[in-house]
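A.B. asks: I need the structure of the sequence given here:
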Amino acid sequence: MRLLLFNLATDTNDPILGFTTRWIRALAKRVEFIHVITMRAGKVEVPGNVQVYSVGKEKGYGEPRRVLEFYRYLFQILRKDHVDVCFSHMIPIFTVLAAPVLRAKGIPIITWYAHRQVTLTLKLAHHLSDLMVSINEDSYPYRQNKLVSLGHGVDTDLFSPADTQPENPPLLLSVGRLSPIKDPMTLIEAVYLLRQRGYEIRCVLLGDAPERDRVYAEAVRQRVSELGLDKVVQFVGSVPNEQVVHWYRRCFAHLNCSPADHSLDKAVLEAMACGKPSLSSTLGFEETMGEQANLLLFKQKDAENLAEKLAALLKLSLAERERIGLYLRERVIKMHSLERLADKLVNIFVQQRR
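C.D. replies: Below is the predicted model:
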């Protein structure tokens, strides 16, 4: 099978989208060749049966130029090679642009989308795609008539436990951008409550703020100062995706404060894959957490409830937390591993191929 893949960013070092390179590698093991057209490229590390073409956002090209580059590469690929299936990952605009050409050639389009935002572009992509795929029904905000739920794709070889000495004082980690949707304020309030009750913990927030949330991020830092937590809470900023694993391995627990109805945040699953208890206020994690759901799910925007959950974890022995972590890792492998996702995607490609 020869695959055409549309990608938002192809860059191993991208702190948010670096994982897509691992998806490409996993698919490359299962198909003959992959042509990747990407909105932007950075450090490209792909096997020999993958060719990456960037439409040039990293070069500063404007939208009209990027559209021209997109069609130039699309027609070049279709002129020189046979393509069986198109997989569009988190870039519905490419689905819309390519659909008339691909439909004329009888090439099916499968579009992956996992985000809260419903746009006209997404609606068009939905109607022009043969199938829509996502993590689960809660992760796809538009019509369900074409949706296939596949789970996440966590590289459980990379995100894995390691023999490391526990941090002293214990380290609480939160991976995600400094945005209102991630609600770091509740985390900070819970850390303050724990410190007031005698728990000597530290906290690291790993991630940066997008430009639109700079004012909010500054308010978060100001709240840390107001509570006297400047030496307790550390803002690390963004790091390359593959380096995040070292932070997961250092923490006693990972924390995610996204809304109760939010899609499944990948960071929660990555921490679990590293054998760490990972708390969340997103109710969709209940199935993955299994028998540990009562311990790890907390009420959205409820710092008191979160502090209670963290205190319960801290009271457990190291051996007990490790047992919980290994249980959670097995759940991620079973339900959200990259190998599982890649197998499912290729099965869909085979079924849709005309």
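
A.B. asks: surely residue 116 touches residue 258?
C.D. replies: No: contact between residue 116 and residue 258 fails when scored by CB atoms under 8 Å: they sit 10.0 Å apart. Placement of C-beta: from N, CA and C, glycine included.

A.B. asks: shared neighbours, those two?
C.D. replies: Common contacts of residue 116 and residue 258 (CB atoms under 8 Å, 6 or more residues apart in numbering): none found.

A.B. asks: of those two, which one has the most company?
C.D. replies: Using other CB atoms under 10 Å as the criterion, residue 116 and residue 258 rank with residue 258 on top: 22 against 13.

A.B. asks: look up how far residue 174 lies from that one.
C.D. replies: Distance from residue 258 to residue 174, counting by CB to CB, to the nearest Å: 11 Å.

A.B. asks: give me the common contacts of the two.
C.D. replies: Listed as contacting both residue 258 and residue 174 by CB under 8 Å, 6+ apart are residue 182.

A.B. asks: ranges for the strands of the stretch 1-150 of the chain?
C.D. replies: Per DSSP state E, counting those that start in this stretch, the stretch 1-150 of the chain carries strands over the ranges 2-10, 33-41, 50-54, 85-89, 109-112, 131-134, 147-149.

A.B. asks: most neighbours per residue, which of those strands?
C.D. replies: strand 85-89 (a mean of 27; mean count of other CB atoms under 10 Å).

A.B. asks: can you list contacts of it?
C.D. replies: For strand 85-89, contacts defined as CB under 8 Å, 6+ apart pick out 1, 3-8, 20, 23, 27, 94-95, 98, 102, 107-112, 125, 129, 345, 349, 352-353.

A.B. asks: try it again at 6 Å.
C.D. replies: Strand 85-89 has contacts (CB atoms under 6 Å, 6 or more residues apart in numbering) with 3-7, 94-95, 102, 107-112, 349, 353.

A.B. asks: same deal with stretch 331-351?
C.D. replies: With CB under 6 Å, 6+ apart as the contact definition, stretch 331-351 has outside contacts at 26-27, 30, 85, 150-156, 269, 272-273, 288, 290.

A.B. asks: and if we set it to 7 Å?
C.D. replies: 1, 3, 22-23, 26-27, 30-31, 85, 87, 110, 131, 148, 150-156, 269, 272-273, 288, 290 (CB atoms under 7 Å, 6 or more residues apart in numbering).

A.B. asks: drop anything exposed from the residues you listed.
C.D. replies: The neighbour-count test (16 or more other CB atoms under 10 Å) marks 3, 22-23, 26-27, 30-31, 85, 87, 110, 131, 150-156, 269, 272-273, 288 as buried among the contacts of stretch 331-351.
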